[in-house]
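Peer 1: Build the 3D model from these lines:
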Amino acid sequence: MILQFSSNRLQCAAHGQRTGKAMNVFLHIGAHRCATTSFQEYLRQNVEALNALNIGFWGPRRTRGGLFSGILPGPAAAKGRDPQRRAGGRVQLHLTRSLELGLDHLLITDENMMGTMRENLRLGELYCGVGERMARFAQAFDGRVTDVMVNLRSLEAYWASALAYGVSRGHRVPGAMMLDRLVANRRSWRDVLTDVACAVPGARIWALPFETFGGRPEAQLAAMIGQQMPRSHARIRLNATPHLDELRGQLQSSVADQLPTGQGRWQPFDEVQIAALRETYADDLMWLAAGGDGLVQLKQDPDKTGQGMNPARTDLTRGRPHDNQAERVAGAG
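Peer 2: Have a look, this model is predicted:
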């Protein structure tokens, strides 16, 4: 398997030398509930414009249509063949074809590479198996991944959205014990990003906050590629979190009665829990702003310029003004 993948890699490198071009390979791996579906639809709607910019796109319709089959272990018919080896060869073949098209950039986007929301809700923590999963994808791509892009979101908003999504699909309405467990769990985006960085050595790991790029797919793609992107179809919004009235309408009356009254978004956490989750997320952002231990880089908004020689103090600065930090964080957002 290693020799076969290395041979494919050498053939692709030789082809790149002949054409004088190298192809950047981006893995956009999620996370869920961070406008990933809307981003993928934006790419689909703009495929012709992206082709003109030499940008290729593989989305879930392709990756889940058999391309990634066998990369991750699972039930399979006994045919005397190694499904992981076959999956790696399949991915290498598709990469070679993309390179032969003369693409400068290839973007592969599928949030299920990280894991599933069902598993997150069942275990009560963020993507605990992401390291092993991404190591298998890195092996299938044979070291040709140049960048890995990860969306992250404030934890109280992420978990509220995930819980609403789960309840609308048959999960139980979370009780106080489950909510406490989610708040008390110390695994945060920092741990997820560190696992990804260790699993895909040699690739640049980028964090893209939902608060900056959610609902702005053209800005997110511009931050990835480094140039202006088409604005057509940039405000399509898919798979949004249902509001309470919509959510109640999707459920049986016995389940709907467990939800609070009101018309806005469902927020199952109380004020103290929200403050704790926001503080954890603020710590993650400060870690990223400080360099992410050299493992992860924070993507900035490409539409905003620097603040000059004397930038204003922001929430990413600690010190004496943060003596009353808990109250300040609770009121943020």
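
Peer 1: From here on, just use CA atoms for contacts and neighbour counts.
Peer 2: Will do.

Peer 1: correct me, but Phe141 touches Arg90?
Peer 2: No - judged on CA atoms under 8 Å, Phe141 makes no contact with Arg90 at a distance of 9.8 Å.

Peer 1: Counting neighbours, go ahead and name the busier of those two.
Peer 2: Using other CA atoms under 10 Å, the more surrounded residue of Phe141 and Arg90 is Phe141, with 20 against 17.

Peer 1: Quick check: the more buried one vs Leu251, distance?
Peer 2: 42 Å (CA to CA, to the nearest Å).

Peer 1: Next: Arg122.
Peer 2: According to CA to CA, Arg122 stands 20 Å off from Leu251.

Peer 1: Between those two, which is the more surrounded one?
Peer 2: Between Arg122 and Leu251, Leu251 has the larger neighbour count (other CA under 10 Å), namely 15 against 11.

Peer 1: pLDDT score for that one?
Peer 2: Note for Leu251: predicted pLDDT of 91.

Peer 1: Just the strands from the stretch 1-150 of the chain, written as ranges.
Peer 2: 24-28, 55-58, 105-109, 147-152 (DSSP state E, counting those that start in this stretch).

Peer 1: Comparing those, which comes out most buried?
Peer 2: strand 147-152 (a mean of 25; mean count of other CA atoms under 10 Å).

Peer 1: continuing past that one, what's the next helix or strand?
Peer 2: Tracing the chain past strand 147-152, the next element assigned as helix or strand by DSSP states H and E is helix 155-168.

Peer 1: Other residues contacting that next one?
Peer 2: Applying CA atoms under 8 Å, 6 or more residues apart in numbering, the external contacts of helix 155-168 come out as 33-34, 117-118, 121, 172-174, 241-242, 247, 250-251, 266-269, 274, 277-278, 280-281.

Peer 1: Which among the residues you listed count as buried?
Peer 2: For the contacts of helix 155-168, a burial check counting by 16 or more other CA atoms under 10 Å picks out 33-34, 117, 121, 173-174, 241-242, 247, 250, 266-269, 274, 277-278, 280-281.

Peer 1: These in strands, which ones?
Peer 2: Per DSSP state E, strands hold no members of the buried ones among the contacts of helix 155-168.

Peer 1: Identify the residues contacting the closest residue to Gln139 other than its chain neighbours.
Peer 2: Closest residue to Gln139 apart from its sequence neighbours, by CA to CA, 6 or more residues apart in numbering: Gly88 at 7.4 Å. With contact taken as CA under 8 Å, 6+ apart, Gly88 is in contact with Phe5, Ile71, Gln139, Ala140, Phe141, Asp142.

Peer 1: Neighbour-wise, which one of the residues you listed leads?
Peer 2: Within the contacts of Gly88, Ala140 tops the neighbour count with 24 neighbours, counted by other CA under 10 Å.

Peer 1: Now do the contacts for that one.
Peer 2: Ile71, Gln84, Ala87, Gly88, Gly89, Val91, Gln92.

Peer 1: Among the residues you listed, which ones are in helices?
Peer 2: Secondary structure assignment (DSSP state H) places Gln84, Ala87, Gly88, Gly89, Val91, Gln92 from those within helices.

Peer 1: between those residues, which has the most around it?
Peer 2: Ranking those using other CA under 10 Å puts Gly88 first, with 26 neighbours.

Peer 1: Could you tell me the per-residue confidence at that one?
Peer 2: Predicted confidence (pLDDT) for Gly88: 95.

Peer 1: again, but for Gly306
Peer 2: On the pLDDT scale, Gly306 is placed at 54.

Peer 1: Now do the buried residues in stretch 27-41.
Peer 2: Of all the residues in stretch 27-41, those buried under the rule 16+ other CA under 10 Å are 27-41.

Peer 1: where does the protein dip in pLDDT?
Peer 2: For the chain, the stretches flagged by pLDDT under 70 are 1-21, 75-80, 305-333.
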